[in-house]
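Student: Can you look at this prediction? I've put the sequence above it.
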Amino acid sequence: MISAGTLHVISTELTIGMFALSGVAFLLCLLEKGPDTKTSVAHWALIGGLAATPFAIITGVQAAPGEGIDNPLLANKLLLSMAATGLAIGLGIRWFTGAEINRIHSSIGMVTVGMILITAGMGGEFSRGETLLFFLPKDLVILFPIWASIVIMLCGLAMIGKSAIHRG
Amino acid sequence: MRVKVATVLLVLILSSTLSTANPGGEGDGIRSRDCAGSCHADSSSNGASTANITIQFQEHVYTGLLTEVTVTISDTETAYTSLIGVTLLINTNGAKDLPAYDGWEIVADHNGGTNNYVESTASSGNMEVSWTLRAPSTGTLTLYAAVQHGSPTGNIAMTGISSPFTIDVEPVPENLPRLETNWEPPATRELGEETTIILETTDVNSYLVEMRIGTQITPLEVTDDEFTIPAASKAGVVEWRAILSGEGPDQTTPWFRLIAEEPSWGVDETSLYMQGFAVLLLFAGMVLILPKSRKEETMKEYEQTSIVREMIDLSTPVASTGPPLPAGGLPPGWTMEQWEYYGHEYVDPNKGGLL
């Protein structure tokens, strides 16, 4: 029987590896260097990382001691990973619909990867109590009321809808 | 450029230090001795700890009753964190070595949990950790204490294990004043919270309760089998024990540790999940709303080919470059294009034409 902790290590390494590869490829896109395949590598690795992320989250929740989200690090991990997932989904759709991979697109790709790596780093701090990102205010959780979340959600949907019309 | 990148990578690699330990520890848990890569590097790369490890038990250990085991560690050369991990084990095999395999139940560990592996900070290389255990059925059993810690140079994980400690678990004598078999002491509480404890006992006529903070021991007042431990103003540990009297010989319980902690952190999970989903949609929308392609729009702006073609078709008659057409028009089977190129041959037979 494999413990949730071991499965979490496997799924996390898979996720982080793919995102790291994507980050390097996005860097090459930004610098306009390297082989022509860098764009495909950046996006396919990003999509692979996205696909592996749910496994990392589920096993992480099962492996965490205690019940529920009882630590500000876990809350910030959730918010940061959701934000990065949103960026990654946006980048993937943009690429699939044939958008130009310009510097803005590549920069957002690198920011996405950076957010995922910070999320992983926070997991290390949660389990081992040590981090290189000690300067980040990870104990501070900015929590909106539900109505504010609904407003943000509607704004997001409106932007997605508008972009769909432009693409249509 | 490639040389510069390679140089930077090489400098980064060469500037890193080799370390096989986790100086920040791994956190308490239920672990075998040979935790290998899960908490340190491969066990074959570990160094031998210089720590002296001793185990102390109460004089009598009765089956099914609570008892205390204290592990004393001294002369340890730790990493800069002074963190030492201590594991309570039943053998040195590295597998099937948890106390539970011999029937021991860990009621409370040194840090208020129920783990056989705990981490704590040593002072000048010395440390003492204790567990409250419920003894298994009668017999002669063995316990070991193992340590894991970093080294002063930080480049290797150190491990060590004590000599075996043998315990005779005795049957409970008749009329022995004791705590109820299923009774368990509280292990943790929040700051600023008084703790009222109701003791459940068997064959006990009266008892005294003592509280210990550091080395200072204070008696506590017992009323109707209840006593109260005062609230703690800062995080720390108080210990207490009961001296039970009855028809049988007096019994003293182990020192039970009561750990005062900061109030646990909580959050409305519904709000958090909704905010997470909202953030996902917002960020996805922000990316999708970016212009699809400036280059493409610029191309569209200057793409006037069709208009130019229309203008040419309407305003400029196509000049014929061939000879004048015969009176009857184009010969049968000829096109205008053929006439332009080969019409002169049709008109002049000396040049291969037909007329």
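Tutor: That came in fine, so what should we check first?

Student: shaky segments in the chain?
Tutor: Assuming you mean chain A. A:1, A:65-67, A:166-168 (pLDDT under 70).

Student: You answered for a different chain; I wanted chain B.
Tutor: B:16-24, B:34-45, B:154, B:293-303, B:313-320, B:349-355.

Student: any chance you could map the helices in it?
Tutor: In chain B, the helices defined using DSSP state H lie at B:2-15, B:269-288, B:294-302, B:305-315, B:336-347.

Student: These: which one's closest to chain A?
Tutor: Relative to chain A, the nearest member of the helices of chain B by C-beta to the nearest C-beta is helix B:269-288, separated by 2.7 Å. Just so you know, the C-beta spots here come from the backbone N, C-alpha and C atoms, and that holds for glycine as well.

Student: Briefly note if the closest one comes near chain A.
Tutor: Yes - Helix B:269-288 lies within reach of chain A by C-beta under 8 Å from any C-beta of the partner chain, at B:269-288.

Student: Mind listing residues that contact that helix?
Tutor: Applying C-beta atoms under 8 Å, 6 or more residues apart in numbering or on different chains, the external contacts of helix B:269-288 come out as A:68-69, A:75, A:78-79, A:82-87, A:89-91, A:93-94, A:108, A:143-146, A:148-150, A:152-153, A:155-160, A:163-164.

Student: which of those residues come close to chain B?
Tutor: Within the contacts of helix B:269-288, those near chain B by C-beta under 8 Å from any C-beta are A:68-69, A:75, A:78-79, A:82-87, A:89-91, A:93-94, A:108, A:143-146, A:148-150, A:152-153, A:155-160, A:163-164.

Student: a markdown table for the helices of chain B, including mean neighbour count?
Tutor: Putting those into a markdown table (neighbours: other C-beta atoms under 10 Å in any protein chain shown) gives the following:
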| stretch | mean neighbour count |
| --- | --- |
| helix B:2-15 | 9 |
| helix B:269-288 | 21 |
| helix B:294-302 | 10 |
| helix B:305-315 | 9 |
| helix B:336-347 | 15 |
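
Student: And these: which comes nearest A:Leu50?
Tutor: Across the helices of chain B, A:Leu50 has its closest neighbour in helix B:269-288 (11.4 Å, C-beta to C-beta).

Student: can you tell me how far B:Met127 sits from chain A?
Tutor: 18 Å (C-beta to the nearest C-beta, to the nearest Å).

Student: Show me the beta-bridge partners of that residue.
Tutor: B:Ile73 (DSSP bridges).

Student: pretty sure it is touching B:Ile84, no?
Tutor: Yes - when contacts are counted by C-beta atoms under 8 Å, B:Met127 is listed as touching B:Ile84 (5.5 Å).

Student: So these two - more neighbours on which side?
Tutor: Neighbour comparison, B:Met127 and B:Ile84: the larger count goes to B:Ile84, with 26 against 23 (by other C-beta atoms under 10 Å in any protein chain shown).

Student: Name the nearest residue to the more buried one, sequence neighbours excluded.
Tutor: B:His149 (4.5 Å; C-beta to C-beta, 6 or more residues apart in numbering or on different chains).

Student: Tell me if I'm right that the one you found and B:Thr76 touch.
Tutor: Yes - at 6.3 Å, B:His149 counts as touching B:Thr76 under the criterion of C-beta under 8 Å.

Student: Return the distance of the residue lying closest to B:Pro152 once chain neighbours are set aside relative to B:Ile161.
Tutor: Closest residue in space to B:Pro152, ignoring its immediate chain neighbours: B:Glu77 at 5.5 Å, by C-beta to C-beta, 6+ apart. Per C-beta to C-beta, to the nearest Å, B:Glu77 is found 17 Å from B:Ile161.

Student: same question, B:Thr92
Tutor: Note on B:Thr92: its distance to B:Ile161, by C-beta to C-beta, is 6 Å.

Student: and for those two, which residues touch both?
Tutor: B:Arg33, B:Tyr144.

Student: Those two: which is more packed in?
Tutor: Ranked by neighbour count (other C-beta under 10 Å), B:Thr92 and B:Ile161 place B:Ile161 first, with 18 against 14.

Student: What distance do you get for the more buried one to B:Glu337?
Tutor: B:Ile161 is 100 Å from B:Glu337, by C-beta to C-beta.

Student: same check, this time on A:Phe19
Tutor: Note on A:Phe19: its distance to B:Glu337, by C-beta to C-beta, is 62 Å.

Student: who's in contact with B:Gly113?
Tutor: B:Asp28, B:Ala187.

Student: 7 Å instead?
Tutor: Contacts for B:Gly113 (C-beta atoms under 7 Å, 6 or more residues apart in numbering or on different chains) come out as B:Asp28.

Student: got the phi/psi numbers for it?
Tutor: Phi and psi for B:Gly113, reported as degrees, to the nearest 10, are phi -100, psi -160.

Student: and what of B:Asp28?
Tutor: Taking degrees, to the nearest 10 as the convention, B:Asp28 sits at phi -60, psi 160.

Student: What parts of the stretch 201-350 of chain B come near chain A?
Tutor: Contact residues, the stretch 201-350 of chain B versus chain A (C-beta under 7 Å from any C-beta of the partner chain): B:264-267, B:269, B:271-272, B:274-290, B:292-296.

Student: Tabulate the CA atom coordinates of stretch A:54-64 in PDB.
Tutor: Taking Å, rounded to 0.1, in the frame of the first residue of the first chain, the C-alpha atoms of stretch A:54-64 are listed here in PDB:
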ATOM      1  CA  PRO A  54      -5.300  17.800  -9.800                       C
ATOM      2  CA  PHE A  55      -3.500  14.600  -8.700                       C
ATOM      3  CA  ALA A  56      -0.900  16.700  -6.800                       C
ATOM      4  CA  ILE A  57      -3.700  18.600  -5.100                       C
ATOM      5  CA  ILE A  58      -5.800  15.600  -4.100                       C
ATOM      6  CA  THR A  59      -2.900  13.600  -2.800                       C
ATOM      7  CA  GLY A  60      -1.600  16.700  -1.000                       C
ATOM      8  CA  VAL A  61      -4.900  17.200   0.800                       C
ATOM      9  CA  GLN A  62      -4.900  13.500   1.800                       C
ATOM     10  CA  ALA A  63      -1.300  13.600   3.000                       C
ATOM     11  CA  ALA A  64      -1.600  16.800   5.000                       C
END
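
Student: Could you check which residue of the stretch 101-250 of chain B lies nearest chain A?
Tutor: Nearest residue of the stretch 101-250 of chain B to chain A (C-beta to the nearest C-beta) works out as B:Gly113 at 8.8 Å.

Student: Assign a three-state SS to A:Ser163, would you?
Tutor: helix (DSSP: H, G, I helix; E, B strand; the rest coil).

Student: in chain A, which helix has the most residues?
Tutor: As assigned by DSSP H, the longest helix anywhere in chain A is helix A:4-31.

Student: Remind me what the next helix or strand after that one packs against, helices and strands.
Tutor: Per DSSP states H and E, the first helix or strand lying C-terminal to helix A:4-31 is helix A:38-63. Counting contacts by 3 or more C-beta pairs under 7 Å, 6 or more residues apart in numbering or on different chains; DSSP states H and E, helix A:38-63 packs against helix A:4-31, helix A:72-96, helix A:103-128.

Student: Comparing the ones you listed, which comes out most buried?
Tutor: Mean neighbour count (mean count of other C-beta atoms under 10 Å in any protein chain shown) peaks for helix A:72-96 among the helices and strands packed on helix A:38-63, with a mean of 22.

Student: who touches that helix?
Tutor: Outside helix A:72-96, the residues that reach it (C-beta under 7 Å, 6+ apart) are A:43, A:46-47, A:50, A:53, A:64, A:69, A:101, A:105, A:108-109, A:111-112, A:115-116, A:118-119, A:122-123, A:125-126, A:138-139, A:141, B:265, B:267, B:272, B:275-277, B:279-284, B:286-288.

Student: That's all I had, so thanks and see you.
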